[in-house]
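>>> only the shape, not the letters, is given here:
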């Protein structure tokens, strides 16, 4: 896994130096997989929305909401759908909404990135259903690489099966 991280970092560095942008299904500087129909700068610069930008050092400068999922699922619970509904007015006012999919550490890296992406896309679809314009929503997957909790317990794994939106 360390060799893969080094290789990904090298590729990202090359693209960063050349000033390229990322497109659908590409990697971000912090090693996450992103899917978006829009172009986003690889340098993680802010879009002026006042949300602290995309850089990993400022990821949670604004408030973070989380949607939690059952094991190996991307189905959103009724309670979390209501949470998204309650925040839909505020979400519509933002220039960009970033939805970050995450998983626990069960499964392969590739599977967990795909699962994180499915979770983020499910949250995006729920936001769209609540009237948030799809063009404002960016989707990213961190798979298992961005745990909220690092203990090896069922309670901790449950916390890591989530999609955060900010």
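Yep, it's here. This structure is a prediction, so every number in the text was calculated from the model and none was measured.
>>> which SSE is immediately downstream of the helix or strand of the chain with the lowest mean pLDDT?
Here the helix or strand of the chain ranked lowest by mean pLDDT, DSSP states H and E is strand 40-41, holding a mean of 27. Proceeding N to C from strand 40-41, the next assigned helix or strand is strand 65-68, under DSSP states H and E.
>>> quick one: mean pLDDT over whichever helix or strand comes after that next one.
The helix or strand immediately downstream of strand 65-68 is helix 78-93, counting by DSSP H and E. For helix 78-93, mean pLDDT rounds to 95.
>>> may I see the buried residues of helix 78-93?
Within helix 78-93, the residues scored as buried using 16 or more other CB atoms under 10 Å are 80, 83, 84, 87, 88, 91. For glycine as for every other residue, the C-beta is placed from the backbone atoms N, C-alpha and C.
>>> so where's the protein uncertain?
Across the chain, the ranges flagged by pLDDT under 70 are 1-63.
>>> could you point out the longest helix of it?
Criterion DSSP state H: the longest helix present in the chain is helix 109-129.
>>> partner strands of the helix or strand just after that one, with direction?
Counting by DSSP H and E, the next helix or strand C-terminal to helix 109-129 is strand 137-143. Partner strands for strand 137-143, per DSSP bridges, with pairing direction: strand 33-35 (antiparallel), strand 97-102 (parallel).
>>> contacts made by the longest one with the rest, please.
Contacts with strand 97-102, where a contact means CB atoms under 8 Å, 6 or more residues apart in numbering, come from 32, 51, 54, 91, 115-121, 123-124, 127, 132, 136-144, 146-148, 160-166.
>>> all good on my end, thank you.
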